[in-house]
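# show me how the following folds:
(chains A, B, C and D)
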There are 2 protein chains.
Amino acid sequence: MATIYQVSERAGVSLATVSRVMNGSAKVGEATRTKVLKAMQELNYRPNSIAQSLASNCSNSVGMLVSEVHGPFFGEMMSGVENELRSVGKHVIIAAGHSDVASEKDAIEFLISRKCDALILHVDAVTDEYLLELHKQTPVVVLNRLVKGMEENCICLNNELGGYLATKAMLELGHKQIAYISGPLFKLDVRDRLAGHQRALQEAGLVFDPGLFMEGDFHEAGGVAAMEKLLARGRSFSAVVCANDEMACGAMNCARDNRLEIPKDLSIMGFDNVIMSRYTFPHLSTIDFPAGEMGRMAARWVRKHIYQDDKLKVQNLFEPSLVLRDSALPVSA
Amino acid sequence: MATIYQVSERAGVSLATVSRVMNGSAKVGEATRTKVLKAMQELNYRPNSIAQSLASNCSNSVGMLVSEVHGPFFGEMMSGVENELRSVGKHVIIAAGHSDVASEKDAIEFLISRKCDALILHVDAVTDEYLLELHKQTPVVVLNRLVKGMEENCICLNNELGGYLATKAMLELGHKQIAYISGPLFKLDVRDRLAGHQRALQEAGLVFDPGLFMEGDFHEAGGVAAMEKLLARGRSFSAVVCANDEMACGAMNCARDNRLEIPKDLSIMGFDNVIMSRYTFPHLSTIDFPAGEMGRMAARWVRKHIYQDDKLKVQNLFEPSLVLRDSALPVSA
DNA sequence: GCTAATAATGTAAGCGCTTTCACAAATGTT
DNA sequence: AACATTTGTGAAAGCGCTTACATTATTAGC
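Numbering: from 1, shown residues only, chains lettered A, B, ... in the order given. Got it, this is the predicted structure:
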């Protein structure tokens, strides 16, 4: 592989000049530029990005940490990030945190030692304090989590609004007895979604009934289990809104196993609008989570603040929206 | 951030010695080693991996190119690769090829300029010749595609066997009239799956009937369209095997829209065992595609051949397996 | 026509490591 | 006791770039 030195030799100029035509960092005469370009071409020269990084103290790479590489949104988010970044010649290094404190910290250390210019984090185990501290050391953007003191670095979804919209949709279909299966309550977004649910109820003059509430685990099995318990309580309800699509699937399957027809006997609402929701039977009504857009925005944040792409605008808060499909119907009778 | 120089100063030894204790590349006296380790600790030293890469001519990174970052197997494959590689301190840089020749080549160029120690490719647009050529220039492992002349570098699934197993399962349930919805025939794996289907038919003494065959596009809509046409032909069949799960979903939905009950009136088989197949109604019977394992194996290939982890064994051919769920039933009457 | 800017290019000092080579000290061999 | 090994360490030359800073060529100003 040719080096910058060989190019300079062939073009009959100095190293510095070659570097200058590569980076456009200073004026170069038209004739020289052409000579250099020609030499590059002939040698099929490709700059060694490692050397560039070392010399410029900029690795042109950003680290992305997600809970699970094969998790439901990851693909979408990742895709947004990759697209946005590669279009400007930066690359993304990925790592998984497995929702475990030690593992997340470990991955972050790894990314830092890799000299990433910035970190895009989708984490849920480490504390806010840790993130705040990290933020002082290295540029960080946090996805789907609002950390007090670094709001500018967070790209979030308005989860409260999502929860609100989900329940509101059911209310508008005439449902009055609405069960709610939440995610693990230690997560902030889970509590926000629940708060939205409660607000919708309240606005409709309904009171939140703990008897129609279950804490789930965001997995299908958790949805099944929650539904099972809900049914076992013998309370009547015509709709159930779930804090994510997986649990909604579980709930649907469980309901069906209990001879309830969906949506005739029971309406179901999910959350996230993961790919799968388009394939279930019946197709799941859900709340769209613009994961791809948010990933793209995180990347844009990095472009703007780290790579000085000043005119870029970044949007910190995203709005969820309702996706009505077949799993929810007006209350019958 | 501390440099190796500061560590050496503090420990009262030379740069070289510090480097040696870091890499274990040569013997260092016990006392010195302790001194150095202590100095590192005190300075919270973290080697600059960029500098290491430049000096050692090894970037400790491997590039991974996939069709779509948010594609169906990508998450699984990626996850396998990331796991295997990060456990040994290497990182993975990702890029998407979008099944387009120019885009794939572009991404490969990008990865190469990034000095990846090896490339893991999941591509379908570039030609075998191109891959062969690339293989001469830089270490490459190809996923899910057998390239003649570099078989050792390919990690494949026995697609023919998969196709065979899918149809065989239907035959064993007593089905005699089995429709087949394939993927785009320009893809090798698609043709292999079809060949397996035909072999199963043949072994059962049945002849392949073009009237029960449709070429699809691997997407849900394609499954719907194919099913529609199949139905429109007015031919009778009691089972349909699809070349992937998405199309199987489409086919199921379409069949249902045409008042066919699944699996009572029609049995359906998918291929790939993507996450989604566990959530459909009824749960989809399918052929398991061990994407995660294959990704892991690709990473292991790299560890073995590039990072000299000699005792590692790599398996080039993977066997698919049947996953029977609810969408296939013995033929009724 | 002479000085002061300005533009274009070259020189060389790093960036933070690895690694070869040389050398001194410790150990083993007869 | 003389020599050959082995072991531990340091000096220094890169790796392929970027980027002050220095230098020369060009143009402008008067």
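# contacts and neighbour counts: CA atoms only from here.
Fine.
# all strands for the stretch 51-200 of chain A, in order.
If you assign secondary structure with DSSP state E, counting those that start in this stretch, the strands in the stretch 51-200 of chain A sit at A:61-66, A:91-96, A:118-121, A:140-143, A:154-157, A:178-182.
# for the second one, name the packing helices and strands.
Yep, that's strand A:91-96 we're talking about. When contacts are defined as 3 or more Cα pairs under 8 Å, 6 or more residues apart in numbering or on different chains; DSSP states H and E, strand A:91-96 sits against strand A:61-66, helix A:74-86, helix A:101-113, helix B:74-86, strand B:91-96.
# DNA strand D is nearest to which of those?
Distances from DNA strand D to each of the helices and strands packed on strand A:91-96 were compared using Cα to the nearest atom of the strand; the shortest belongs to strand A:61-66, at 14.8 Å.
# rewinding a little: any chance of the helices and strands packed on strand A:91-96 in CSV with mean neighbour count and mean pLDDT as columns?
CSV is the format used below for the helices and strands packed on strand A:91-96 (neighbours: other Cα atoms under 10 Å in any protein chain shown; pLDDT from 0 to 100):
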stretch, mean neighbour count, mean pLDDT
strand A:61-66, 26, 94
helix A:74-86, 23, 91
helix A:101-113, 18, 90
helix B:74-86, 23, 91
strand B:91-96, 25, 90
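# so which of these gets nearest residue B:138?
Using Cα to Cα as the criterion, the shortest distance between residue B:138 and these is 15.8 Å, found for strand B:91-96.
# so who does residue A:113 touch?
The neighbourhood of residue A:113, defined by Cα atoms under 8 Å, 6 or more residues apart in numbering or on different chains, consists of B:46-49.
# swap in residue A:139?
Here residue A:139 is in contact with A:117-119, A:306 (Cα under 8 Å, 6+ apart).
# also residue A:162?
Contact analysis of residue A:162 by Cα under 8 Å, 6+ apart lists A:193, A:196, A:271, A:287, A:319-322.
# just curious, which of those is nearest to chain B?
Proximity of the contacts of residue A:162 to chain B was ranked by Cα to the nearest Cα; the top entry is residue A:271 with 15.1 Å.
# pretty sure that closest one sits against residue A:287.
Yes. Taking contact to mean Cα atoms under 8 Å, the distance of 4.6 Å between residue A:271 and residue A:287 places them in contact.
# find the residues that touch each one of these two.
A:162, A:166.
# look at those two and report which has more neighbours.
Using other Cα atoms under 10 Å in any protein chain shown, the more surrounded residue of residue A:271 and residue A:287 is residue A:271, with 29 against 26.
# so what's that one closest to, chain neighbours aside?
What sits nearest to residue A:271 in space, not counting adjacent residues and going by Cα to Cα, 6 or more residues apart in numbering or on different chains, is residue A:244, at 4.1 Å.
# likewise residue A:216?
The shortest distance from residue A:216 to any residue that is not its chain neighbour, by Cα to Cα, 6+ apart, is 4.8 Å, and that residue is residue A:183.
# so which bits of stretch A:165-174 are buried?
Buried residues in stretch A:165-174, counting neighbours by 16 or more other Cα atoms under 10 Å in any protein chain shown, are found at A:165-171, A:173-174.
# swap in stretch A:7-21?
Applying a neighbour-count criterion of 16+ other Cα under 10 Å, the buried positions in stretch A:7-21 are A:7-8, A:10-11, A:13, A:15, A:17-19, A:21.
# tell me the average confidence for it?
The pLDDT scores in stretch A:7-21 average 93.
# burial of residue A:302, as a residue count?
Count around residue A:302 with other Cα under 10 Å applied: 26.
# immediately after whichever helix or strand it is part of, which helix or strand?
With elements taken from DSSP states H and E, the one containing residue A:302 is helix A:291-305. The C-terminal neighbour of helix A:291-305 among helices and strands, as given by DSSP H and E, is strand A:317-318.
# near DNA strand D, which residues of the stretch 1-150 of chain A show up?
Taking Cα under 7 Å from any atom of the strand, the part of the stretch 1-150 of chain A that reaches DNA strand D is made up of A:2-5, A:15-20, A:22-23, A:25, A:46-49, A:51-56.
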